[in-house]
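Peer 1: Here is my input, please return the structure:
(chains A, B and C)
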Amino acid sequence: MVSRRSFLTSAAGALVSAGVVARNAAAQIPEAPLTASPATEPPPAPASGPPFQPVVTLNGWSLPWRMNGDVKEFHLIAQPVVREIAPGMTAHLWGYNGQAPGPTIECVAGDRVRLFVTNQLPEYTSIHWHGVRLPHGMDGVTGLTQPPIQPGETWVYEFDMQHSGTFMYHPHADDMVQLAMGLMGSIIVHPRDPAEHAVDRDFVFLMSAYDIEPGSYTPRVHTHTDFNLWTWNSRVFPGIAPLAVRQGDRVRVRIGNLTMTNHPIHLHGHSFEVTGTDGGWVPPTARWPEATIDVGVGQMRAIEFVADAPGDWAFHCHKTHHTMNAMGHEVMTSIGVDFEEAAEKLRRLIPGYMVMGDRGMAEMASMQMELPENTLPMMTGEGPYGPIGMGGMFTVVKVRADQPPGDYTDPGWYEPPLGSMAYRSES
Amino acid sequence: MVSRRSFLTSAAGALVSAGVVARNAAAQIPEAPLTASPATEPPPAPASGPPFQPVVTLNGWSLPWRMNGDVKEFHLIAQPVVREIAPGMTAHLWGYNGQAPGPTIECVAGDRVRLFVTNQLPEYTSIHWHGVRLPHGMDGVTGLTQPPIQPGETWVYEFDMQHSGTFMYHPHADDMVQLAMGLMGSIIVHPRDPAEHAVDRDFVFLMSAYDIEPGSYTPRVHTHTDFNLWTWNSRVFPGIAPLAVRQGDRVRVRIGNLTMTNHPIHLHGHSFEVTGTDGGWVPPTARWPEATIDVGVGQMRAIEFVADAPGDWAFHCHKTHHTMNAMGHEVMTSIGVDFEEAAEKLRRLIPGYMVMGDRGMAEMASMQMELPENTLPMMTGEGPYGPIGMGGMFTVVKVRADQPPGDYTDPGWYEPPLGSMAYRSES
Amino acid sequence: MVSRRSFLTSAAGALVSAGVVARNAAAQIPEAPLTASPATEPPPAPASGPPFQPVVTLNGWSLPWRMNGDVKEFHLIAQPVVREIAPGMTAHLWGYNGQAPGPTIECVAGDRVRLFVTNQLPEYTSIHWHGVRLPHGMDGVTGLTQPPIQPGETWVYEFDMQHSGTFMYHPHADDMVQLAMGLMGSIIVHPRDPAEHAVDRDFVFLMSAYDIEPGSYTPRVHTHTDFNLWTWNSRVFPGIAPLAVRQGDRVRVRIGNLTMTNHPIHLHGHSFEVTGTDGGWVPPTARWPEATIDVGVGQMRAIEFVADAPGDWAFHCHKTHHTMNAMGHEVMTSIGVDFEEAAEKLRRLIPGYMVMGDRGMAEMASMQMELPENTLPMMTGEGPYGPIGMGGMFTVVKVRADQPPGDYTDPGWYEPPLGSMAYRSES
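Peer 2: Modelled structure (predicted):
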């Protein structure tokens, strides 16, 4: 489903590769690498500056920077993008540098960063660095701390990254629309000392929601609560990459919520702890063991666990309508006709009569329905033991004894399949 | 309101009683006790295996097991059931062993369990043991870790219960439908050492929601957020049993949420702590004092408090529309007509004219409205001082100095009534 | 926007001032001061009883008391009130003592309080002292612990305030209606030892939501989830007072949620901790650093931070539709017409053709639309750098090096404006 790309790093730190277009190679403004791919980019080790273990952005990538003296320079371009939500469906969103969400910005506590922001949207924007402690005038709130960034303009933010942690960037201008269109990205500030908060695998993604009518491409942006596509990094199952780890790894997953409702994230087969928020690191005395963590809107939660049990472990939002794709509302509800015995009578009259859904909806998972163009099935995903019948915010943590380290992408979803152990009773 | 039943335990651990039908007494598959009663079953001490203090399932019961060598064998039957939601209303749900929710499964950390699951539903199913750490192939995710359990089949799950705590079981097959129909139950794994985490009273219930149109019996299953019956163990006030405890008792209440929204559970007159989640036990250093705990979807929260104040203490979800029964939407809103003085003028023209609701809705609590068949009043419950005007997720923690230990069921709702202390001013 | 008032305290503890009407100066029932102002009242030091540092109620005030022997006597009057939601819009609510929310009740742990409650509403009511541990008969649950307080009656509650903390008062009678109409207030119980939990600035507000159709004055009260006005102390931006503090201050903000959904409260530029709930004080070992705290329904969260960074820091609910005012639903969605290139073609045919919203909604923030009477713009607020484009649950924490202590009210919203530091790139 996803293809591997590799970055070519030039001596000056500029990046050129297939799928990455250098846009402004020479000027004072650093170039802005773009990508058209929704694949999980295997993160390169930092080309310059202090060392850190890079994070893996689920179905995303990290933004290369250039060093300008002691300053790390990044260039974000806010622009309309085309995002593949899952194979079979694309959406017209607003994003950064070719995709939505935008690339992850990675740096190290103590780094001074200079962030160039070019506005290629049809309306003004700004960027708020959510959770980052910085000078007031760099906070990116239109009207309050700066004028808006007009279409065509490039603005510059510059500040020291004082604290390690997981943060987010998104506009603070026409917020409801610009978040509903997908403008957002993750910020990882690694500790100065790589031994601090070290883990074996480190993932990040943002949750976002869209209201895209089946058959169309563009979100309706005045939807307050009637979203119908619940995504992780603007992807839905089975389009969300699995999280592949080696048995025994200490794993961190950093999860930000920029939808408009809570998402209770449930991991199978393991107990985890929240070790970080958008406010900092949770001290060990304050941590709770959890199987399901409710991530509030605007919150970031970094969870950590030891992947001690091999297997394909479901990892999903526990709201069942968030693990379905669009169209749920349109399906007629006829379950329980049996109770009134009406269906039974109908069957006597019309042999073979079948009411869709009268015995539940499980049949939907394998049924081929005629769908409008650019529409995903509601319940989907083929696993080693048949249809999984999920969509939306669902993926799998793949724990294998022999998983090659560093191979985070496209590990062959359920390969090798681990044995089903539950069995049919013969008696 | 509820009647007491007693179990008769046979030598082999098989159970026969009025209201409990032995279904498969002889075979290799252990029998599956059933019940038709929504009463709170006084829990028997464990008949075999290591000792533990049994939990009280609110308006429910614990599933008897049989020992087969060192293995505890349980038998769950997924099937259509009729559940009394409260006196005056029944619902056609899907449950286990005669009721919805299914019986509580109780065992002890270190136990090996073998769980037979028979599917008598009209569609395939599976059981996921939410929060339990177990081998991947026993995780119960259809398509991912096992094929579906087809109608008529019996499947077997077998694993060691490694950790004490509170967990849940529910299908991971056609999730949205099967949870919306009521398929769920609690799992209590008691500590091996009964002194660990010991309390004087220990209760458990699951929160579920249904969309049952007034006058009908079967939930609409494609309701994402428009549920109208908010239940604790598929019961609504005044059908929910009170929690009867003795003054000074240390009380634990384990609360799981399998609805599609958060429920902020509020206890009157006491401060409590969350001591356990579906991920394990919360260390004492990490606990917060709370009067209201927001239980996220898919989460379990065990709260503990010392019942130091005698009285009838309200215990409820703090969302006001969750302490009402259905029909809320249908009532015309006419409050504030007074403000426009229109009602006043109408009264001058039509002596005795009354607009329902023009002065609020308190009058509803005592009004006899013509209701469709099988429909509960919206606001109900008669207390010692008049109508309580509640429905849904509301009950009472009864703290009495002289409450007989073990008498958890039907303790006579508000008997003896404790004195009202607020008083009408005479001046 | 707001005007300053000063209280005149009589020898007997009775209060008379402009804007405060003494209603019952002579009798056994203590007088009930009223106010018609939505301004933030600078809190007076306690006139009698043990010393404490008073709290600042955002767009509200604290209720004066009289000492009767060793008992602090307060008098609340539940009544219809007119509340200014923001300049340009008033609402007909139910409140206490002239405003909604009612005045904050402040006392000290160990105080004995006697609370007179007069019902001037058109239906019965009661008061529940949410979070306060008190004798069962004083708990204020209609039907369960007392008969209802009928219109015209005055009832008396009396108990010891055993624990310091932040609590709430609201009816437990016809709950859905009476909360939807605005009946609520804050309770602050200060520690007996003023050094305990001491901070430099201490604020409190309650979150409430209303469903007021544009052009009308009275909330629809059967709205379960379709609220359209999201308020802090029944005010919306730009009507919510800023929180003015001095650089270096330790600041506490106590936030109660009596809406029907979670509010994730986000503070810019600082990391904070939750130090208290409606259940008590959170021990230091259990605290998490946070930038966004999800406040559940019925919960109170006291957050604390050191205001170390000067600036105007946005402080708001992170659900974007909660930082907008009503009318969001009515706006036609036409964004993305560009994608289909239809708009472009239209513009070729009709020069100057403009589709409202086809490039996002940012233009709304400065557009003058014709609004119905008594209706607020959806996106509003003028900052030092142009339109802020916010409504609802949004205000600003103003941190200044030279802020005069004690000057909490009307500090001149963004005066002095701090410099914008982000800049337009010239290259």
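Peer 1: Return the residues in contact with residue A:108.
Peer 2: A:49-50, A:52, A:161, A:164, A:189-192 (Cβ atoms under 8 Å, 6 or more residues apart in numbering or on different chains). For glycine as for every other residue, the C-beta is placed from the backbone atoms N, C-alpha and C.
Peer 1: helix or strand for the residue nearest to it when sequence neighbours are not counted, which one?
Peer 2: Closest residue to residue A:108 apart from its sequence neighbours, by Cβ to Cβ, 6 or more residues apart in numbering or on different chains: residue A:50 at 4.5 Å. Under DSSP states H and E, no helix or strand contains residue A:50.
Peer 1: the helices in chain A, which residues?
Peer 2: Counting by DSSP state H, chain A has helices at residues A:175-180, A:337-340, A:342-349.
Peer 1: ok so, going back, buried subset of the contacts of residue A:108, written for ChimeraX?
Peer 2: A single ChimeraX command selects the buried members of the contacts of residue A:108 (16 or more other Cβ atoms under 10 Å in any protein chain shown):
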select /A:49,52,161,164,189,190,191
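Peer 1: Distance to residue C:69 for the contacts of residue A:108 - can I get that in TSV?
Peer 2: Formatted as TSV, those follow (distance: Cβ to Cβ, whole Å):
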residue	distance to residue C:69
A:49	70
A:50	68
A:52	67
A:161	60
A:164	57
A:189	59
A:190	63
A:191	60
A:192	62
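Peer 1: Which of the helices of chain A has the lowest mean pLDDT?
Peer 2: Lowest mean pLDDT within the helices of chain A: helix A:337-340, at a mean of 38.
Peer 1: neighbours around residue A:267, how many?
Peer 2: 22 (other Cβ atoms under 10 Å in any protein chain shown).
Peer 1: ok, the residue lying closest to it once chain neighbours are set aside to residue A:326 distance?
Peer 2: Leaving aside its sequence neighbours, residue A:267 sits nearest to residue A:315 (Cβ to Cβ, 6+ apart; 5.2 Å). Here the criterion is Cβ to Cβ, to the nearest Å. By it, residue A:315 lies 22 Å from residue A:326.
Peer 1: buried stuff in stretch A:179-194?
Peer 2: A:179-191.
Peer 1: And the residue nearest to residue A:108, what's its pLDDT?
Peer 2: pLDDT, read off for residue A:50, is 95.
Peer 1: same deal with residue A:364?
Peer 2: 61.
Peer 1: Could I get the contacting residues of residue A:277?
Peer 2: Here residue A:277 is in contact with A:165, A:299-302, C:288-292 (Cβ under 8 Å, 6+ apart).
Peer 1: Mind checking which of those are in strands?
Peer 2: The strands, defined by DSSP state E, take in A:165, A:300-302, C:289-290, C:292 from those.
Peer 1: and the residues you listed as CSV, adding pLDDT, neighbour count and distance to chain B?
Peer 2: Below are the ones in strands among the contacts of residue A:277 laid out as CSV (pLDDT from 0 to 100; neighbours: other Cβ atoms under 10 Å in any protein chain shown; distance: Cβ to the nearest Cβ, whole Å):
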residue, pLDDT, neighbour count, distance to chain B
A:165, 98, 28, 20
A:300, 98, 29, 16
A:301, 98, 24, 12
A:302, 98, 25, 15
C:289, 98, 21, 14
C:290, 98, 28, 13
C:292, 98, 24, 15
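Peer 1: And the furthest pair within those residues?
Peer 2: The largest separation in the ones in strands among the contacts of residue A:277, counting by Cβ to Cβ, is between A:302 and C:292 at 13.7 Å.
Peer 1: number of nearby residues for the residue lying closest to residue A:192 once chain neighbours are set aside?
Peer 2: Once flanking residues are discounted, residue A:192 sits nearest to residue A:109: 4.8 Å by Cβ to Cβ, 6+ apart. For residue A:109, the neighbour count with other Cβ under 10 Å is 18.
Peer 1: Now do the same for residue A:155: its pLDDT.
Peer 2: 96.
Peer 1: Tabulate the CA atom coordinates of stretch A:214-229 in PDB.
Peer 2: Extracted in PDB, the C-alpha atoms of stretch A:214-229 (Å, rounded to 0.1, in the frame of the first residue of the first chain):
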ATOM      1  CA  PRO A 214     -19.900  10.300   0.400                       C
ATOM      2  CA  GLY A 215     -19.000  11.000  -3.200                       C
ATOM      3  CA  SER A 216     -17.500  14.400  -2.600                       C
ATOM      4  CA  TYR A 217     -13.900  15.600  -1.900                       C
ATOM      5  CA  THR A 218     -14.000  18.700   0.300                       C
ATOM      6  CA  PRO A 219     -15.000  18.800   3.900                       C
ATOM      7  CA  ARG A 220     -17.900  20.800   5.100                       C
ATOM      8  CA  VAL A 221     -16.400  23.200   7.500                       C
ATOM      9  CA  HIS A 222     -19.300  24.400   9.700                       C
ATOM     10  CA  THR A 223     -19.900  21.000  11.100                       C
ATOM     11  CA  HIS A 224     -19.700  21.400  14.800                       C
ATOM     12  CA  THR A 225     -20.300  17.800  15.800                       C
ATOM     13  CA  ASP A 226     -21.500  15.900  12.800                       C
ATOM     14  CA  PHE A 227     -18.100  14.700  11.500                       C
ATOM     15  CA  ASN A 228     -18.200  11.400   9.600                       C
ATOM     16  CA  LEU A 229     -14.500  10.700   9.000                       C
END
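Peer 1: Next up, the contacts around residue A:208.
Peer 2: Counted by Cβ under 8 Å, 6+ apart, residue A:208 has contacts A:101, A:179, A:182, A:184, A:231, A:233-234, A:258-259.
Peer 1: The longest strand anywhere in chain A and chain C, are they touching?
Peer 2: Criterion DSSP E: the longest strand present in chain A is strand A:71-86. Yes: using Cβ under 8 Å from any Cβ of the partner chain, strand A:71-86 reaches chain C at residue A:80.
Peer 1: That strand pairs with which strands, and in what direction?
Peer 2: Its sheet considered, strand A:71-86 pairs with strand A:66-68 (antiparallel), strand A:89-96 (antiparallel), strand A:112-119 (parallel) by DSSP bridges.
Peer 1: Tell me which residues of the first one come out buried.
Peer 2: Buried positions in strand A:66-68, judged by neighbour count with 16+ other Cβ under 10 Å: residue A:66.
Peer 1: same question, the last one
Peer 2: The neighbour-count check on strand A:112-119 (16+ other Cβ under 10 Å) flags A:113-119 as buried.
Peer 1: Format the CA atom coordinates belonging to stretch A:45-58 as PDB.
Peer 2: Coordinates of each C-alpha in stretch A:45-58 appear next as PDB, following Å, rounded to 0.1, in the frame of the first residue of the first chain:
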ATOM      1  CA  ALA A  45      19.000  10.600  11.700                       C
ATOM      2  CA  PRO A  46      19.500  14.300  12.300                       C
ATOM      3  CA  ALA A  47      21.900  15.700   9.600                       C
ATOM      4  CA  SER A  48      23.000  18.600  11.800                       C
ATOM      5  CA  GLY A  49      22.700  19.900  15.300                       C
ATOM      6  CA  PRO A  50      22.600  17.900  18.500                       C
ATOM      7  CA  PRO A  51      21.900  14.200  18.200                       C
ATOM      8  CA  PHE A  52      18.400  12.700  18.900                       C
ATOM      9  CA  GLN A  53      16.500   9.500  18.200                       C
ATOM     10  CA  PRO A  54      14.000  10.600  15.500                       C
ATOM     11  CA  VAL A  55      10.300  10.000  15.900                       C
ATOM     12  CA  VAL A  56       8.200   8.000  13.400                       C
ATOM     13  CA  THR A  57       5.200  10.100  12.100                       C
ATOM     14  CA  LEU A  58       2.400   7.700  11.300                       C
END
